[in-house]
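> quick one: sequence and predicted model below, then my questions.
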Amino acid sequence: MATGSDRVRFNVGGKIFETTTTTLANAGRNSMLGALLDDDWNLRSSTGEYFIDRNPACFGVLLDLLRSGELHLPPNISEKLLYREALFYGLLDHVRSARWGPFDGNRLHLAASVAGGAPGDGTAVRASPDGGCCIAHGSVAHVYDWMLDEHHPINLDYQQINDVGYIDSGNIVVTARERPGRADGGMGLFSSSSGELRHRFRVSHDNKVKTFTAGALSFSNSTFKIFASCKGRCNEYGIGVWDQITGNQSDFFYQPPGCSFGDADKLQWIEGDNFLMVATLFPRTDNCSIGILDFREKSMVWSWTDEGTMATASLDEKRVLHAIVMEDNRSICVVNQYEDLGFLDLRSNGGGVRWSSRSKLMKGKVRGEESCYPKLVMHNGQLFSSMNDSISVFCGPEWVLTTTLRTSFGGPICDFSIGGDRLFALHSEENVFDMWESPTEPIL
């Protein structure tokens, strides 16, 4: 039973609610209700009653969520109204976790399909940390919050977008192609809510600011760095590095002879080793190459290429089309045009690909029908691979196929992304993207 000092009274829009400091503590330190408590979880003020000029019905739902951990939405309250109020109180994470369970590729179900906001094909999709997403269409990036309501788009005035990525839920980095004769291109930081340009990232060479084309992106959460492949008119070919907080250029890894870092399709920061994987893949270049860069020593500590092995290859041979680092396995996973998975051992420099043979029976069907190159994503120890109109989920030490995600419309999947406990898949033939999420566990 709560003591008198534990009880808290709220007047919300004229309706009285009573609760305890224990219930308020469930809101967390970052919420408006949790902020009423001190470091020992006692009320900061002896005020007898707190008045909040908000919707009382929604407050009652949110208070019940804090008490029970369950979300019960009466029919007279719309979801959007509840989410608006939850945002005010800082309780969106509680609502989200009550609405769907922890991400699990084997339990995903299709929750929504959304028509895109621009004509033509989308080129990239990126999930935000809070369950929204960003879709790149040509020179426009369309931003959706976790309710899948579209915000003001990011418009680059006919500059081709190459890649997009979230620093956090409020900030999006966009890379763009430089147009001939125009001092544009490069990379910018934009507001996810307003689409406004907040910062333009520069590349300097010999103490002079240069124009450049920015390509693939990657982020380091531990060192607060942004990495992007760069191509300039002079010597700005390589990987640029910027500070996430100040936006200033902090480093540049110039590509050595025989490498094409400026054309990289895929960058991935390896948190455990403080290295960066750089992959330049078919069909961007005739030969695929993957390198592991150490910026501290300005050296490439590991490398692999298929140069020579594909010189006499036929169209039926296996080409590397995408790659990701699997830190826990000390390997790099690659995928070919048949969705065969291959593995490169990071402990042996220059070794060959150990290919799986799972898709041998698929080759006759798949050849000639593919219109999108496969992509790979690792998340929570599960491996995801897109192929045509489906996404395969692989689990376990032998990466056994456990689930296939597929929709009946939209055409082949050109890109997909996982974030905020959701998976977003972007289709190429139809202007549509899908959102998949894990349902909550049943209450026993």
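Nice, I can see it.
> hang on, residue 221 packs against residue 274?
No - proximity of residue 221 to residue 274 does not meet the contact threshold set by Cβ atoms under 8 Å, at 11.8 Å. All C-beta spots, glycine's among them, are computed from the backbone N, C-alpha and C.
> the more surrounded of those two?
The residue with more neighbours, out of residue 221 and residue 274 and counting by other Cβ atoms under 10 Å, is residue 274; that gives 14 against 10.
> which residues of the stretch 201-350 of the chain fall in strands?
Counting by DSSP state E, counting those that start in this stretch, the stretch 201-350 of the chain forms strands over residues 203-205, 208-210, 212-220, 225-232, 238-243, 249-254, 266-270, 275-280, 289-294, 299-305, 322-326, 331-335, 341-345, given from the N-terminal end onward.
> in JSON lines: the ones you listed, plus mean neighbour count and distance to residue 28.
Rendered in JSON lines, the data for the strands of the stretch 201-350 of the chain read as follows (neighbours: other Cβ atoms under 10 Å; distance: least, Cβ to Cβ, whole Å):
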{"stretch": "strand 203-205", "mean neighbour count": "16", "distance to residue 28": "41"}
{"stretch": "strand 208-210", "mean neighbour count": "12", "distance to residue 28": "44"}
{"stretch": "strand 212-220", "mean neighbour count": "23", "distance to residue 28": "25"}
{"stretch": "strand 225-232", "mean neighbour count": "24", "distance to residue 28": "29"}
{"stretch": "strand 238-243", "mean neighbour count": "22", "distance to residue 28": "29"}
{"stretch": "strand 249-254", "mean neighbour count": "17", "distance to residue 28": "34"}
{"stretch": "strand 266-270", "mean neighbour count": "20", "distance to residue 28": "29"}
{"stretch": "strand 275-280", "mean neighbour count": "24", "distance to residue 28": "34"}
{"stretch": "strand 289-294", "mean neighbour count": "21", "distance to residue 28": "39"}
{"stretch": "strand 299-305", "mean neighbour count": "17", "distance to residue 28": "41"}
{"stretch": "strand 322-326", "mean neighbour count": "22", "distance to residue 28": "33"}
{"stretch": "strand 331-335", "mean neighbour count": "23", "distance to residue 28": "36"}
{"stretch": "strand 341-345", "mean neighbour count": "19", "distance to residue 28": "40"}
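> residue 356 versus residue 338, what's the distance?
Between residue 338 and residue 356 the computed distance is 10 Å (Cβ to Cβ, to the nearest Å).
> what's the answer for residue 382, then?
Counting by Cβ to Cβ, the gap from residue 382 to residue 356 is 16 Å.
> ok, residue 148 next?
According to Cβ to Cβ, residue 148 and residue 356 sit 36 Å apart.
> out of the two, which sits in the busier spot?
Per other Cβ under 10 Å, whichever of residue 148 and residue 356 has more neighbours is residue 356, with 18 against 15.
> how about that one, what does it touch?
For residue 356, the residues meeting the contact criterion (Cβ atoms under 8 Å, 6 or more residues apart in numbering) are 340-342, 399.
> pick the one among those closest to residue 68.
Using Cβ to Cβ, the shortest approach to residue 68 within the contacts of residue 356 belongs to residue 399, at 39.3 Å.
> tally of neighbours for the closest residue to the closest one other than its chain neighbours?
Of all residues beyond its chain neighbours, the one nearest residue 399 is residue 383 (5.7 Å), with distances taken as Cβ to Cβ, 6 or more residues apart in numbering. Here the number of neighbours of residue 383 (other Cβ under 10 Å) works out to 23.
> strands paired with the helix or strand containing residue 383, and their directions?
Using DSSP states H and E, the element containing residue 383 is strand 382-387. For strand 382-387, the paired strands and their directions (DSSP bridges) read strand 376-379 (antiparallel), strand 390-395 (antiparallel).
> out of these, which comes closest to residue 431?
Set against residue 431 and scored by Cβ to Cβ, these come closest in strand 390-395, at 19.1 Å.
> residues of that closest one that come out buried?
Residues of strand 390-395 classed as buried by neighbour count (16 or more other Cβ atoms under 10 Å): 391-395.
> isn't residue 43 up against residue 35?
No - between residue 43 and residue 35 there is no contact under Cβ under 8 Å: 11.1 Å.
> still on that earlier bit, report the contact partners of the residue nearest to residue 399.
By Cβ under 8 Å, 6+ apart, the contact list for residue 383 reads 326, 333, 341, 376-377, 393-395, 399.
> ok, those vs residue 430, which is closest?
Proximity of the contacts of residue 383 to residue 430 was ranked by Cβ to Cβ; the top entry is residue 377 with 21.7 Å.
> show me the shaky parts of the chain.
For the chain, applying pLDDT under 70 flags the ranges 1-5, 46, 118-121, 180-183, 235, 308-318, 350, 357-371, 441-444.
> just want the most central residue of it.
In the chain, the residue lying closest to the centroid (Cα atoms, centre = their mean) is residue 127, at 3.9 Å.
> didn't that residue look like it was pressed against residue 422?
Yes - counting by Cβ under 8 Å, residue 127 sits close enough to residue 422 to count as a contact (6.1 Å).
> name the SS class of residue 61, please.
Here residue 61 takes the helix state, with states given by DSSP: H, G, I helix; E, B strand; the rest coil.
> next up, the contacts around it.
When contacts are taken as Cβ under 8 Å, 6+ apart, residue 61 is in contact with 71-74, 77, 82.
> what's the PyMOL line that selects buried ones from those?
In PyMOL, a selection of the buried entries from the contacts of residue 61 looks like this (16+ other Cβ under 10 Å):
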select buried, resi 71+73+82
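> quick check, nearest of the contacts of residue 61 to residue 292?
Sorting those by distance to residue 292 puts residue 71 at the head of the list, at 44.6 Å, by Cβ to Cβ.
> so where does the closest one fall, helix or strand?
Mapping residue 71 onto the secondary structure by DSSP H and E places it in no helix or strand at all.
> any idea which element the nearest residue to it once chain neighbours are set aside lies in?
Taking Cβ to Cβ, 6+ apart as the measure, residue 71 lies nearest to residue 98, with 3.8 Å between them; neighbours along the chain are not counted. Assigned by DSSP H and E, residue 98 falls within helix 92-99.
> what helices and strands are in contact with the next helix or strand after that helix?
Sequence order places strand 109-115 as the next helix or strand after helix 92-99, per DSSP H and E. Identification of packing neighbours for strand 109-115 by 3 or more Cβ pairs under 8 Å, 6 or more residues apart in numbering; DSSP states H and E yields strand 432-437.
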